[in-house]
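Undergrad: need a structure here:
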Amino acid sequence: MGRLVVVLFGLMGTGKTTLAQALGEALGLPVIHSDAVRKTLAGLTPTTRVPLEFGAGIYGEDFSARTYAQMRRLARESLAAGPGVILDASYKRAKERVLVRDLAQGQGATALFVYCECPAEVAQERLGIRRDDPRAISNGRVELFEAQARDFDPLMPDDRPLLRLQTGRELGVVLDELKAFVQSFQE
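TA: Numbering: from 1, shown residues only. Just a heads-up that it's a prediction; the model follows:
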């Protein structure tokens, strides 16, 4: 079975965390969530709300770089212990996606990129629902969505293999498409 680093990335509210959790359960792979890693590095509990302006505080470039570096360390540990790992984060910077691909190659694994996308209205509706969920660990908010969209590096040729996953559909259908993509690289 091929060793994998599955990267679910994209804008806030596109279903990355829900899909990462469902895929992790389906395939028996650990999931590393950027929101949980970021808050742990900041000395916060995962469900602590941090209502900052876009790109400020723990969401600034420096702290984000620390967060992604820690995610790579945790991914390396997971690969040492098992067949793969799932990473859940925006990965809005192309350079961070390259670092994950390099990590996977260095560990004898394949990095698979899954760009989660859906209509803006769907993402914003999800962000509104999340705002009222005390268990939510993400600080993504409707008012930050457009700023993140403008600040997102374009998809690059290095982001391959790549599945552009339309997540506005029924979860079971989306998960089946995602599992088929991942499992095609496990054989």
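Undergrad: Kindly confirm my reading that Val6 forms part of a helix.
TA: No - counting by DSSP: H, G, I helix; E, B strand; the rest coil, Val6 is not found in a helix; it is strand.
Undergrad: For it, give me its contacts.
TA: If a contact means Cβ atoms under 8 Å, 6 or more residues apart in numbering, then Val6 has 23, 29, 84-87, 112, 114, 182 as its contacts. Using the backbone N, CA and C atoms, a C-beta is placed for each residue, glycine as well.
Undergrad: For it, name its beta-bridge partners.
TA: Beta-bridge partners for Val6, by DSSP bridges, are Ile86, Leu112.
Undergrad: Tell me how far it lies from Leu144.
TA: With distances taken as Cβ to Cβ, to the nearest Å, Val6 is found 25 Å from Leu144.
Undergrad: Contacts for stretch 114-134 next, please.
TA: Residues outside stretch 114-134 that contact it (Cβ under 8 Å, 6+ apart) are 6-16, 19, 47, 136, 138, 140-142, 145, 149, 155, 159, 162-168, 178, 181.
Undergrad: where's that stretch relative to the chain centroid, distance-wise?
TA: Remark: stretch 114-134 is offset 14 Å from the chain centroid, using Cα atoms, centre = their mean, to the nearest Å.
Undergrad: Next: stretch 11-24.
TA: 7 Å.
Undergrad: cool, and stretch 169-187?
TA: Its chain's C-alpha centre and that of stretch 169-187 lie 16 Å apart, by Cα atoms, centre = their mean.
Undergrad: By neighbours, which of the contacts of Val6 wins?
TA: Using other Cβ atoms under 10 Å as the neighbour criterion, Leu87 leads the contacts of Val6 with 30 neighbours.
Undergrad: pLDDT score for the nearest residue to it once chain neighbours are set aside?
TA: Leaving aside its sequence neighbours, Leu87 sits nearest to Val7 (Cβ to Cβ, 6 or more residues apart in numbering; 4.8 Å). Here, the pLDDT recorded for Val7 equals 98.
Undergrad: Thank you, goodbye.
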